[in-house]
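Colleague: structure of the sequence below:
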Amino acid sequence: MLEPQPLASFFKHYEMKKLSIVLLASLITMGCGRFSNKDEKQANEQRIVCLAKQYNEIIFALGAEENLVAVDLSSTYPPEIKELPTVGYHRALSTEGILSTKPTIIIHDNNVGPEQVMQQMEKLEIPMKVFDAPGNDIPSTKDLITEMGAYFGKEEKAVAINAKIDKEMALAMENLKDYPSRPKVVIIHYGRASNIYLTMTSGSNAGKMIEWAGGEMAIDGERGMMQLSAEIIAKSNPDVILLTDFGYDRLNGMQEVKNLPGVSTTKAAQNNRIFRVEEHDMVYFGPRTGEIVMNLQELIHKNEGL
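Modeller: Alright, predicted model coming up:
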């Protein structure tokens, strides 16, 4: 037969048990609090998929790329952007490709498709963001940089980028006095297929940059790009031909470029004034536009008078 515990011993055992319960409850609460904080942190972390090459260059220039998890295939500047996964060409996206990146927001410039993919993103209630400024000339590009700077909390950096654009564009305009001639320029984009050339026109962003560089586009057109035959390229007889990197790099050296149908008879080929340019430098305006214009000035006026 067990003897009854003294009253003091009973209360001591009770207090220890109560303390254990309190400590256990505290540990549980602390544990819940830790995991709640983690969940809250994950909920606040953005996973940005950006489907616009102009936007992406600005994001990197602002130093706001930390939460960028994927981009479209045409976004190729700056070089480090190539380390990010791609979700396809911006006009040929797939639902699976986008969802595999687990985006919390999709940023695009309305030049995306196919439509059914974007509708699926809306049905899944994935937030979308399109900036208001069109970015299709220097003033609205600066507005776009300001708008994006405010969105990402990089206002001071946006001011610095816009100041750089102003300074470099002013210098480019000042340089024009050193380039009195206006060479005729043809820009061939993406090489050729069956002797049909995808060519940038005077109505393109590249056309504006060539004008600022002191040149003249040899191909007119309201559309930014046109498919042209070798005969039309030959007839335009440009002083300078610029070939974008994708097409240029597929060919085996300058001699093969010069022998292309429609190119070989031009003044540009005869005077060795055919040059390689980066596609992403020619198709949109951004933080480096003034710098690009000055580079084009040197390029299109190179070997003049030959």
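
Colleague: this structure - how does it break down into domains?
Modeller: What automatic domain parsing lists as the domains of the chain is 48-167, 180-300.

Colleague: list the buried residues for the longest strand seen in the chain?
Modeller: Longest strand in the chain, counting residues (DSSP state E): strand 184-193. Judged by neighbour count using 16 or more other C-beta atoms under 10 Å, the buried positions of strand 184-193 are 184-192. Backbone N, C-alpha and C define where each C-beta goes, glycine included.

Colleague: next: stretch 232-249.
Modeller: Within stretch 232-249, the residues scored as buried using 16+ other C-beta under 10 Å are 232-234, 236, 238-245, 247-248.

Colleague: what does it contact?
Modeller: Stretch 232-249 is contacted by residues 183-192, 197, 199, 215, 218-219, 257, 262-263, 265-269, 271, 273-279, 282, 299-300 when judged by C-beta atoms under 8 Å, 6 or more residues apart in numbering.

Colleague: what pairs with the longest strand of the chain, parallel or antiparallel?
Modeller: According to DSSP bridges, strand 184-193 has the following sheet partners: strand 196-200 (antiparallel), strand 216-217 (parallel), strand 240-244 (parallel).

Colleague: and those as TSV, adding distance to Arg47?
Modeller: TSV is the format used below for the strands paired with strand 184-193 (distance: least, C-beta to C-beta, whole Å):
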stretch	distance to Arg47
strand 196-200	35
strand 216-217	41
strand 240-244	32
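
Colleague: which of the buried residues of strand 184-193 sits closest to Val69?
Modeller: Nearest to Val69 among the buried residues of strand 184-193 is Tyr190, at 28.0 Å by C-beta to C-beta.

Colleague: with the flanking residues excluded, which residue is spatially nearest to the closest one?
Modeller: Closest residue in space to Tyr190, ignoring its immediate chain neighbours: Leu198 at 4.9 Å, by C-beta to C-beta, 6 or more residues apart in numbering.

Colleague: the one you found: what's it in contact with?
Modeller: Leu198 neighbours (C-beta under 8 Å, 6+ apart): 188-192, 225-227.

Colleague: go again with 6 Å.
Modeller: Counting by C-beta atoms under 6 Å, 6 or more residues apart in numbering, Leu198 touches 189-190, 225, 227.

Colleague: do you know how far Val263 is from Ala158?
Modeller: Noted for Val263: a distance of 42 Å to Ala158, by C-beta to C-beta, to the nearest Å.

Colleague: how much space separates the one residue sitting closest to the centre of the chain from Ile145?
Modeller: In the chain, the C-alpha nearest the mean C-alpha coordinate belongs to Lys53, at 2.4 Å (C-alpha atoms, centre = their mean). According to C-beta to C-beta, Lys53 and Ile145 sit 15 Å apart.

Colleague: cool, Leu93 as well?
Modeller: 25 Å.

Colleague: repeat that for Ile196.
Modeller: Between Ile196 and Ile145 the computed distance is 37 Å (C-beta to C-beta).

Colleague: then Ala133?
Modeller: From Ala133 across to Ile145, the span is 8 Å (C-beta to C-beta).

Colleague: settle it for me: which of these two has more neighbours?
Modeller: Counted by other C-beta atoms under 10 Å, Ala133 and Ile145 do not tie: Ile145 has more neighbours, with 27 against 15.

Colleague: need the strands for the stretch 51-200 of the chain, in chain order.
Modeller: In the stretch 51-200 of the chain, the strands defined using DSSP state E, counting those that start in this stretch lie at 68-71, 105-107, 128-129, 184-193, 196-200.

Colleague: in JSON lines, list those strands along with distance to Lys82.
Modeller: As requested, the strands of the stretch 51-200 of the chain are exported to JSON lines (distance: least, C-beta to C-beta, whole Å):
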{"stretch": "strand 68-71", "distance to Lys82": "9"}
{"stretch": "strand 105-107", "distance to Lys82": "19"}
{"stretch": "strand 128-129", "distance to Lys82": "23"}
{"stretch": "strand 184-193", "distance to Lys82": "19"}
{"stretch": "strand 196-200", "distance to Lys82": "23"}
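
Colleague: least confident secondary structure element in the chain?
Modeller: helix 7-44 (a mean of 40; mean pLDDT, DSSP states H and E).

Colleague: no more questions from me, cheers.
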